[in-house]
Each structure stands twice: as structure tokens, then as C-alpha cells.
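**Q** attaching a predicted model along with its sequence, questions to come.
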Amino acid sequence: MVLVSKSDLVKSAIALNVISFPTDTVPALAVAPHKADLIFELKQRSQEKPLILMTGDIKDIWEYVQGSKEELAIWEQMAHKYLPGALTMVLPASPKVPATMNPLNPDSIGVRVPNHTIARDILRQTGPLATTSANLSGEDALTDMGAIALKFPSIAVLDHQNNITEATPSTVIKWTGETWQLLRQGKIVL
């Protein structure tokens, strides 16, 4: 079991290792976006299920998505209303997003800014990370950092005092080109 300090966790992420930290929803497994395949392998996750790009600040989202000036205005309005928070917006991906984050549809990417001080601090230090819930594919998300360290002994897990986090995932909406489509009802009700 590898529970580490925040500074060691950041160093591990910068060294391109998979890490885990709490968020405002379920704890995240995270890695540098171009190493997203490590999460698919670790979780035994189907490539049909894309990863989410989590950032420390709303402004960091926009270089990873692409759309018209009008679309960007709509997306920014939604982001400023609900982020930081438990909302994931699925948008058209810019060329900066590695195809390994969404192998079957590399033209789109889910983006999110958590409303969790520690998570945002980590993300500000590492830069945006490819993320997903901390569990093996098909199992319930783990909500205790100690349980995550036991389940995934090869990764760095933040040693966090208040280690039981929320069990409700983020709400996921997708931009259809004209409007928002609800893909998963989560913590935020739109």
C-alpha cells in the first residue's frame, strides 16, 4: 500500500505514473493525458469508455476543445455556472487531446474542474490529467483512499485525513452541435 504526501503525489504524476486523489465526487485515478493507456490497462477498462480531462481552472479547458465562437460562448456560460463542480461537459476535442483518452471517438473529450481544494491544487501543479473513478471496470467506485491503495498497490495514493469522499459521480452532458444532451445524471441536477 502506497499512501503518499501531496508533494510526492505531484512528483509521481510528473514522472508519468498513475496517481489517485479525492475530488468533489468520487476519488480519481489520474495520469498525464498522453499516458492514458495506463489507466485503461490498470482498470481493465473497455476502450468504449473514454476518460475525462480534469483541470485545475476553467481557463485551462479551452485549449483542449474546439468550436465556433458562438459555441465557445455557450460552453463558457455553462462552465461558469457549474464549474468548479460536479459537471462533466463532453465537447469536440482539439488536436491537443491524445487519441488514447477516447480511443473509439477521439474527436470528443469530457472536461471537468472539480470543486475540491486539494484536487485543484494538484491539477494546478501537474497540469490537466486524464481521469476516471478509482475502481476496476464494472465494480463500484472506491471512496476510501486506503481501500484505493490496497486495490491498486502499484500507484501513488494521496494520504488524506478525511479520506471518505462522496459516492455520487459527476453529471455528464454532451454538446450535440445545437444543445446539451444529458448522458448521466449525477451530483448536479440541471
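**A** Sure thing, it's come through.

**Q** next, count neighbours for the nearest residue to residue 54 once chain neighbours are set aside.
**A** When the adjacent residues along the chain are set aside, residue 54 lies closest to residue 131, with 4.5 Å between them (C-beta to C-beta, 6 or more residues apart in numbering). The C-beta positions use only the backbone N, C-alpha and C, and glycine is treated the same way. Under the neighbour criterion other C-beta atoms under 10 Å, residue 131 is assigned a count of 29.

**Q** kindly state the beta-bridge partners for residue 131.
**A** Beta-bridge partners for residue 131, by DSSP bridges, are residue 30, residue 52.

**Q** so what's it up against?
**A** 28, 29, 30, 51, 52, 53, 54, 112 (C-beta atoms under 8 Å, 6 or more residues apart in numbering).

**Q** same thing but 6 Å
**A** Taking C-beta atoms under 6 Å, 6 or more residues apart in numbering, we find residue 131 in contact with 28, 30, 52, 54.

**Q** over to residue 119?
**A** Contacts of residue 119 by C-beta under 6 Å, 6+ apart are 21, 23.

**Q** is it in a helix, a strand, or coil?
**A** Of the three states, residue 119 takes helix under DSSP: H, G, I helix; E, B strand; the rest coil.

**Q** relative to residue 185, how far out is residue 39?
**A** The span separating residue 39 from residue 185 equals 24 Å under the rule C-beta to C-beta, to the nearest Å.

**Q** neighbour count for the two, which is higher?
**A** It is residue 39, of residue 39 and residue 185, that has more neighbours when counted by other C-beta under 10 Å, with 22 against 13.

**Q** buried stuff in the helix or strand where the more buried one lies?
**A** Residue 39 is part of helix 37-43, with elements assigned from DSSP states H and E. Neighbour counts over helix 37-43 (16 or more other C-beta atoms under 10 Å) mark 37, 38, 39, 40, 42, 43 as buried.

**Q** do the same with stretch 47-63
**A** 50, 51, 52, 53, 54, 55, 56, 60, 61, 62.

**Q** out of the residues you listed, which sit inside helices?
**A** Among those, DSSP state H puts none in helices.

**Q** in this protein, where's the longest helix?
**A** Under DSSP H, the chain gives helix 69-82 as its longest helix.

**Q** next helix or strand past that one?
**A** According to DSSP H and E, the helix or strand after helix 69-82 is strand 87-92.
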